[in-house]
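*Asks:* Just the structure for this:
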Amino acid sequence: MTTTTTAPADARALGLAHYAARAVLESVLARHGLGFQQQIILRPVVLADGPVDRARLTADTVTALKADEDSVQGTIDELIAAGLVATDAPDVRITDAGRALYARITQETSGASARIWGDIPEADLLAAGRVLALVTERANAELAAAAR
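*Replies:* Numbers count the residues shown, from 1 in each chain. Here you go, the predicted structure:
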């Protein structure tokens, strides 16, 4: 069933879209014993050309997910314990098992991604991208102001 709306985007619509898409991803991750934060951390390590500085990975993940540093460090440790990431202090790097798991997850989610995003006109995606970038920037500014 396809629905279209003429209502303007707002925080609720953004949240509903996020949680619907995240649920699709998490259903795949669960079949592989991986959590959302683990996948978010695994991705840049897989995509890197070489080892990734653990401190930078932690800081980037804290910023992206608005998570606390201890939680992110614990998740990196979980990935190491699972053999998906290896440590070469102070760096981490992907293992063959981590690369293979990421490839399986990507393959499984690609069909759903195509069905979700595939027929949206490029102009709409560009407009939505601009709006989402602006919302992210403003929300981050609000968080920074509240932390002062």
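*Asks:* ok, residues contacting stretch 10-20?
*Replies:* The contact list for stretch 10-20 (CB atoms under 8 Å, 6 or more residues apart in numbering) reads 7, 132, 135. Using the backbone N, CA and C atoms, a C-beta is placed for each residue, glycine as well.
*Asks:* Of those, which belong to helices?
*Replies:* The helices, defined by DSSP state H, take in 132, 135 from those.
*Asks:* Just name the lowest-scoring one in the contacts of stretch 10-20, pLDDT-wise.
*Replies:* Among the contacts of stretch 10-20, residue 7 has the lowest pLDDT, at 80.
*Asks:* before we move on, the earlier item: list just the nearest of the contacts of stretch 10-20 to residue 142.
*Replies:* residue 135 (10.5 Å; CB to CB).
*Asks:* Are we agreed that residue 139 is in a helix?
*Replies:* Yes: residue state for residue 139 (DSSP: H, G, I helix; E, B strand; the rest coil) corresponds to a helix.
*Asks:* pLDDT score assigned to it?
*Replies:* Here the pLDDT value assigned to residue 139 is 92.
*Asks:* burial of it, as a residue count?
*Replies:* 12 (other CB atoms under 10 Å).
*Asks:* Please apply the same query to residue 102.
*Replies:* For residue 102, the count of nearby residues is 20 (other CB under 10 Å).
*Asks:* leaving aside the residues next to it on the chain, what's closest to it?
*Replies:* residue 46 (4.5 Å; CB to CB, 6 or more residues apart in numbering).
*Asks:* Sticking with that neighbour, tell me its helix or strand.
*Replies:* In this structure, residue 46 sits in helix 36-47 according to DSSP states H and E.
*Asks:* Report the strands that pair with the following helix or strand past that helix, each with its relative direction.
*Replies:* Once the chain leaves helix 36-47, the next helix or strand it forms, by DSSP H and E, is strand 52-53. Note on strand 52-53: by DSSP bridges, its sheet partners are strand 91-94 (antiparallel).
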